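Asks: Provided below are the primary sequence and the corresponding predicted coordinates.
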Amino acid sequence: MPGEFLSVECPDCGNEQTLYGKAASEVHCAVCGTTLATPTGGEAAIAGEVLETVESRPE
C-alpha cells in the first residue's frame, strides 16, 4: 500500500503525532482531541503543520 507516514504538530496544544497521509478515518490529537486529519478519498486533509515525512512507501 503506497503512501507516507507524516509527523504532524497539533495546532492547539503543540503535540507531535505520527499519522498516515491517506487516513481513512478522522485522526485526533492524543492529548487534546483536536482533529488533525480528515479523510477525503485520497490524501487526507491535514489540519496541523506537517513537520516531516517519517516513512515513505513507493507506489
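Replies: Perfect, I can see it now.

Asks: make it CA atoms for all contacts and neighbour counts henceforth
Replies: OK.

Asks: residue boundaries of the helices in the chain?
Replies: Here the chain has no helices by DSSP state H.

Asks: So which residue is dead centre in it?
Replies: Leu19 (3.9 Å; C-alpha atoms, centre = their mean).

Asks: Number of residues surrounding Gly42?
Replies: For Gly42, the neighbour count with other C-alpha atoms under 10 Å is 11.

Asks: quick one: it and Glu4 touch, right?
Replies: No. With contact defined as C-alpha atoms under 8 Å, Gly42 and Glu4 do not form a contacting pair (12.0 Å).

Asks: give me every residue that touches Phe5.
Replies: Going by C-alpha atoms under 8 Å, 6 or more residues apart in numbering, Phe5 touches 18-21, 53-56.

Asks: Let me know the closest of those to Leu36.
Replies: Leu19 (8.8 Å; C-alpha to C-alpha).

Asks: Tell me if I'm right that the closest one and Glu9 touch.
Replies: No. Between Leu19 and Glu9 there is no contact under C-alpha under 8 Å: 10.5 Å.

Asks: ok so, going back, could you point out the bridge partners of the residue nearest to the centre of the chain in the sheet?
Replies: Taking DSSP bridges as the rule, Leu19 bridges to Leu6.

Asks: ranges for the strands of this protein?
Replies: 3-9, 16-20, 27-28, 35-38, 45-46, 49-57 (DSSP state E).

Asks: Can you lay out the ones you listed as JSON lines showing mean pLDDT?
Replies: Listed next are these as JSON lines, based on pLDDT from 0 to 100:
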{"stretch": "strand 3-9", "mean pLDDT": "91"}
{"stretch": "strand 16-20", "mean pLDDT": "94"}
{"stretch": "strand 27-28", "mean pLDDT": "96"}
{"stretch": "strand 35-38", "mean pLDDT": "95"}
{"stretch": "strand 45-46", "mean pLDDT": "95"}
{"stretch": "strand 49-57", "mean pLDDT": "83"}
